[in-house]
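> Sharing a sequence plus its predicted fold:
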Amino acid sequence: MIAIACDHGGLDIKNAIIEDLKKKGVEYIDLGTNTADSVDYPVYAKKVCTEITEGRCEKGILCCGTGIGMSIAANKVRGIRAAVLSDEFSAEMTRRHNNSNVLCLGGRVINEEKAVKLADIFLNTPFEGGRHEKRVSMLED
Ligand code: RB5
């Protein structure tokens, strides 16, 4: 199960990602926002992170204007490893090496097509483990 949310700056790319998840039959929970009205991104970051830390979702996707606010908020939550990125290589490597569990994207940085592509890579790339296991566990200490 994937948790997904956005603020007003990330609404269009969130909707594009959701359309793609539906097409692929990926289970998700949409935690808002669902209008263009201005809202506060930390509220939505917390909703997604809680789904993960309480074990209901395995990964999350957060969209705001830049992805930065969402990533700052998400990384304050113990157990969350959030990556803000805008290229395919980083989307792959943050899964392989960081075992990131939250993807943060910026609706004013990337277009809908790129957002869908990055979410797909993020959701389908496994963690490599091995030497990265120790480094990732150091993040929790
Ligand atoms: C909202 O205007 C904007 O600040 C927000 O979407 C995000 O980019 C913050 O990092």
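Great, that's in hand. Numbers count the residues shown, from 1 in each chain.
> quick one: contacts for the nearest residue to Glu112 once chain neighbours are set aside?
Setting aside the residues directly before and after it, Glu112 is nearest to Ala16 in space (CB to CB, 6 or more residues apart in numbering), at 3.7 Å. (Each C-beta comes from the backbone N, C-alpha and C, glycine too.) Ala16 is in contact with Glu112, Glu113, Ala115, Val116, counting by CB atoms under 8 Å, 6 or more residues apart in numbering.
> pLDDT at Ala16, what is it?
Listed pLDDT for Ala16 reads 98.
> Remind me which helix or strand it belongs to.
helix 11-24 (DSSP states H and E).
> what's the helix or strand just after that helix packed up against?
Per DSSP H and E, the first helix or strand lying C-terminal to helix 11-24 is strand 28-30. When contacts are defined as 3 or more CB pairs under 8 Å, 6 or more residues apart in numbering; DSSP states H and E, strand 28-30 packs onto strand 2-6, helix 11-24.
> Show me the one of the ones you listed that comes nearest the ligand.
strand 2-6 (8.3 Å; CB to the nearest ligand atom).
> what's next to that closest one, contact-wise?
With CB under 8 Å, 6+ apart as the test, strand 2-6 has contacts from 13-14, 17-18, 21, 26-33, 44-45, 47-48, 51-52, 56-64, 107, 123.
> Show me how far it is from its chain's centre.
7 Å (CA atoms, centre = their mean, to the nearest Å).
> Quick one, which of the contacts of strand 2-6 are buried?
Taking 16 or more other CB atoms under 10 Å as the criterion, what is buried in the contacts of strand 2-6 is 13-14, 17-18, 21, 26, 28, 30-31, 33, 44-45, 47-48, 51-52, 57, 59-64, 107, 123.
> Please go through those residues and note which also touch the ligand.
Among the buried ones among the contacts of strand 2-6, the ones lying near the ligand by CB under 6 Å from any ligand atom are Cys64.
> so Ala73 sits in a helix?
Yes. If the criterion is DSSP: H, G, I helix; E, B strand; the rest coil, then Ala73 is within a helix.
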